[in-house]
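K.L.:
Turn this into a model:
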Amino acid sequence: MEIHAPKAPHSLKEFLRELVTITAGILIALSLEGVLEWNHHRHLVRESRDNIHTELSENRRELEDAMAKQKTTEQQLAKFYTTLVDLETKRGSITTNLQLNISLADLHRTSWNTAANTSAISYMPYSEVKAYTEVYDLQAKYEATQAAVLNESSAVYSLGGVLDRPQPSDLRGAEKNIAALRARLGVMRDLSTSLDQRYANVLEQKKP
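P.N.:
Numbers count the residues shown, from 1 in each chain. Down below sits the predicted model:
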């Protein structure tokens, strides 16, 4: 904004008129700057909100796909456990083809991080920011549980040698590994149910 010095007034009346003109010009310029800034913030919030909702929608699809496949994983683990118990009881050899497939949800938080880094969330209503924060925090807990499941599944994947040459101590250890993984999957299942509902609640909210 540029302000040019007025011409030297020839009277008090002319001086006052020039002063009023300058003051009015300054106020108008400041008002226009405020409107432009307000529009910028409004656009920033709208764009960030749209990106967050798109990201959450994609995350929900990923989660629901993983939830459906987790049922198969739990069935496979149940078969593993039954086979181990049979081996320990009958002292036989394994003849069943056992498989274990772990499906993980590929979840993202890029849009949320961008909104925070650009200060877009500072212009959103508190209730909206609170809802986003809660859903992304729960998502982080779910991802941490996924990582633990993947880590514990490695102990089950290594059961090939045990099943080929079963020893009582090895079988008992394998049973514990499977039981631990099944328990962890139970935690992940509960978290996924809660996270899916949280996704739904946020996505169903009417955008301000």
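K.L.:
going forward, measure contacts and count neighbours with C-alpha atoms only.
P.N.:
OK.
K.L.:
Helices of the chain, start to end?
P.N.:
Secondary structure of the chain by DSSP state H: the helices cover 12-90, 110-117, 126-157, 160-164, 168-204.
K.L.:
Would you single out the least confident of the ones you listed?
P.N.:
By mean pLDDT, the lowest-scoring of the helices of the chain turns out to be helix 160-164, with a mean of 57.
K.L.:
In this structure Arg84 contacts Leu171, no?
P.N.:
Residue 84: Leu, not Arg. Yes: proximity of Leu84 to Leu171 meets the contact threshold set by Cα atoms under 8 Å, at 6.3 Å.
K.L.:
The two: who's more crowded?
P.N.:
For Leu84 versus Leu171, neighbours defined as other Cα atoms under 10 Å are more numerous around Leu84 (25 against 21).
K.L.:
And that one, how close does it get to Ala174?
P.N.:
8 Å (Cα to Cα, to the nearest Å).
K.L.:
How about Lys71?
P.N.:
Relative to Ala174, and taking Cα to Cα, Lys71 is found at 21 Å.
K.L.:
Among the two, which residue is more densely surrounded?
P.N.:
Ala174 (21 against 13).
K.L.:
Val156 is in contact with the more buried one, correct?
P.N.:
Yes: assessed by Cα under 8 Å, Ala174 is found in contact with Val156 at 7.1 Å.
K.L.:
give me the number of residues near the residue nearest to Ala116 when sequence neighbours are not counted?
P.N.:
Closest residue in space to Ala116, ignoring its immediate chain neighbours: Ser122 at 8.0 Å, by Cα to Cα, 6 or more residues apart in numbering. Burial of Ser122, expressed as a neighbour count using other Cα under 10 Å, amounts to 13.
K.L.:
hmm, back to that, tell me which of the helices of the chain sits nearest to Ser103.
P.N.:
helix 12-90 (5.7 Å; Cα to Cα).
K.L.:
Quick check: pLDDT value at the residue nearest to Ala116.
P.N.:
We have a pLDDT of 87 for Ser122.
K.L.:
Would you mind stating the distance between it and Tyr136?
P.N.:
Summarising the geometry, the distance separating Ser122 from Tyr136, computed by Cα to Cα, is 17 Å.
K.L.:
Return the per-residue confidence for Ile94.
P.N.:
Note on Ile94: pLDDT of 55.
K.L.:
now do the one 5 residues further on
P.N.:
Listed pLDDT for Gln99 reads 77.
K.L.:
now the nearest residue to it once chain neighbours are set aside: how far from Leu98?
P.N.:
Nearest non-adjacent residue to Gln99, counting by Cα to Cα, 6+ apart: Gln76, 6.5 Å away. In this structure, Gln76 and Leu98 are 7 Å apart, going by Cα to Cα.
K.L.:
Repeat that for Thr145.
P.N.:
According to Cα to Cα, Thr145 stands 24 Å off from Leu98.
K.L.:
Chain neighbours aside, what residue packs nearest to Lys79?
P.N.:
Distances taken as Cα to Cα, 6+ apart put Leu98 closest to Lys79, at 7.6 Å, once the chain neighbours are dropped.
K.L.:
Provide a list of residues in contact with that neighbour.
P.N.:
Residues touching Leu98, when contacts are defined by Cα atoms under 8 Å, 6 or more residues apart in numbering, comprise 76, 79-80.
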